[in-house]
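Participant: Kindly generate the corresponding structure for this input.
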Amino acid sequence: MILATAEVSAKPFGYLDTETNRTFVPLRYLSEHFQCEVIWDAEQQKIFLSREDMDIALTVGQHQVIVNGELHALDGVPFIDQDVTYVPLRFIGQHLQISLEWEAGTQAVVVQDQYRTFRLPIIQRGSLNGRKAIELTEKTFIVGSKQIRSHVLAIDLLNPGVQVTVGLARDKVGQVAELKQIADTNQAVAAVNGTFFDAYTDGDIQIPYGFIVSNGELVHPSTEKRSVLVVGPNTDLEIVSGDVFPARLQQGAVTAAIQAGPRLLTDGKITVNPEAEGFRDPKILTNSGARTALGITDEHYLLLVTTPAATIPELAEWMQKAGAVQAMNLDGGASSGLYYESSYITKPGRPISNALLIQYSDPEAD
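Facilitator: Numbering: from 1, shown residues only. As a prediction, the model looks like this:
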């Protein structure tokens, strides 16, 4: 018998088994995030979990499970998928005193004990095949009586080679640089413009507006109510209000964040309310113009979008038609830009303050 710790996968996510309506989690997730001791017996396909005074023994493919010496039955059996072992989350969570809360809007489970909270993305079992790490397309949707054409970059947030971060122009708050320069300096394969900033000042310093977190560090504070994209350590994304973000930041596990707004979609519904977020400029409230937006789909893709002319409500409807369930606006107008694989897809008309960046390393490359 060979005993070994659980296998390692780069980004944890759960599987939803639609036949049993049960969610399964990789063993590594429990061992790394909730300090469970995990032993994997490869010869007998057995799993041993322990935490404090709780011991659980499971076997791949079997309904029987032993908890502190007592026999129990599982509705869904442990299984192996692509060399990763998955166990039923709810049963394990109940016995390890880990609370679970389903978030329909993000298609994730919030997993929490008395010490920490994590968001675990969930996909249907079997849906991982055929996903592309990054894909550029051009899409046109009819919004009202208007055809709106947009460039769309779809990024697979579950891909172990994908990282989402934020870069500053010349690595300093208040500086500006070309979008290409920000991307190349940070070795990013893709980038879009980020927060609003003081683009019309005559001075050398052009201060950004809104929260910015880069490399886990709050580099620019804010008191704005505007929407914030929050990036977690496993490239889990969420959009929160500026009022909520300080508390979210205090909870930790924020690797990057960028504040812009207004919010476009919440849980698949159009929720445009720029006045409530503190916007007063007609460029946001009523006018049509070049736009940049980001969206998150229920299949855990990040959509980066640029379009030459749309109002904010039109942009929200366009993002909804594109499949986003969460979405927010970024800086636009002459700042609107999309950069991918060393080329501009949409070239900004001016240097910008900061950018949302996509870094990618092919996990199958030598």
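Participant: Could you pull out the helices in the chain for me?
Facilitator: Along the chain, counting by DSSP state H, helices occupy 27-33, 89-95, 179-185, 245-250, 282-285, 312-321.
Participant: Quick check: which helices or strands does the longest one pack against?
Facilitator: Going back to what we said before, that points to helix 312-321. For helix 312-321, the elements it packs on are strand 134-143, strand 146-156, strand 263-266, strand 269-270, strand 289-297, strand 301-310, strand 324-329, judged by 3 or more C-beta pairs under 8 Å, 6 or more residues apart in numbering; DSSP states H and E. Quick note: C-beta positions are derived from backbone N, CA and C, even for glycine.
Participant: buried sites along it?
Facilitator: Within helix 312-321, the residues that count as buried by 16 or more other C-beta atoms under 10 Å are 312, 314-320.
Participant: Make JSON lines out of these and add distance to Ser31 and pLDDT.
Facilitator: Output for the buried residues of helix 312-321, formatted as JSON lines (distance: C-beta to C-beta, whole Å; pLDDT from 0 to 100):
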{"residue": "Ile312", "distance to Ser31": "45", "pLDDT": "98"}
{"residue": "Glu314", "distance to Ser31": "47", "pLDDT": "98"}
{"residue": "Leu315", "distance to Ser31": "43", "pLDDT": "98"}
{"residue": "Ala316", "distance to Ser31": "41", "pLDDT": "98"}
{"residue": "Glu317", "distance to Ser31": "44", "pLDDT": "98"}
{"residue": "Trp318", "distance to Ser31": "42", "pLDDT": "98"}
{"residue": "Met319", "distance to Ser31": "38", "pLDDT": "98"}
{"residue": "Gln320", "distance to Ser31": "39", "pLDDT": "98"}
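Participant: nearest to Ala42, of these?
Facilitator: Ala42 lies nearest to Met319 out of the buried residues of helix 312-321, by C-beta to C-beta, at 45.8 Å.
Participant: give the contact list for the closest one.
Facilitator: Taking C-beta atoms under 8 Å, 6 or more residues apart in numbering as the criterion, Met319 is in contact with 264-265, 293, 295, 303, 305, 327.
Participant: What remains of those residues if I keep only buried residues?
Facilitator: For the contacts of Met319, buried by 16+ other C-beta under 10 Å: 264-265, 293, 295, 303, 305, 327.
Participant: Now flag whichever of those residues is closest to Pro160.
Facilitator: Nearest member of the buried ones among the contacts of Met319 to Pro160, counting by C-beta to C-beta, is Leu303, at 19.9 Å.
Participant: if we can go back for a sec, find the one among the helices and strands packed on helix 312-321 with the highest mean neighbour count.
Facilitator: strand 324-329 (a mean of 26; mean count of other C-beta atoms under 10 Å).
Participant: Quick check: neighbours of that strand in the sheet, parallel or antiparallel?
Facilitator: strand 263-266 (antiparallel), strand 289-297 (antiparallel) (DSSP bridges).
Participant: what about the ones you listed, which gets the closest to Lys11?
Facilitator: strand 289-297 (15.4 Å).
Participant: How far off centre is the closest one?
Facilitator: 15 Å (C-alpha atoms, centre = their mean, to the nearest Å).
Participant: residues in contact with the residue positioned nearest the centre of the chain?
Facilitator: With distances taken as C-alpha atoms, centre = their mean, the residue of the chain nearest its centroid is Leu237 (2.4 Å). Counting by C-beta under 8 Å, 6+ apart, Leu237 touches 157, 164, 229-231, 296, 302, 326.
Participant: at 6 Å what do you get?
Facilitator: Shown in contact with Leu237 (C-beta atoms under 6 Å, 6 or more residues apart in numbering): 231, 296.
Participant: Surely Leu89 touches Val25?
Facilitator: Yes. Contact criterion C-beta atoms under 6 Å: Leu89 and Val25 qualify, at 4.4 Å.
Participant: To what extent is the closest residue to Ala57 other than its chain neighbours buried, counted in neighbours?
Facilitator: Among residues not flanking Ala57 along the chain, Ile66 sits closest, at 4.4 Å (C-beta to C-beta, 6 or more residues apart in numbering). Close neighbours of Ile66, defined as other C-beta atoms under 10 Å, add up to 14.
Participant: Test my guess that Ile66 contacts Thr59.
Facilitator: No. The pair Ile66 / Thr59 is not scored as a contact, 9.4 Å apart, by C-beta under 6 Å.
Participant: Tell me the one of the buried residues of helix 312-321 nearest Ile134?
Facilitator: Among the buried residues of helix 312-321, and counting by C-beta to C-beta, the member closest to Ile134 is Met319, at 18.6 Å.
Participant: Nice, that's everything, thank you.
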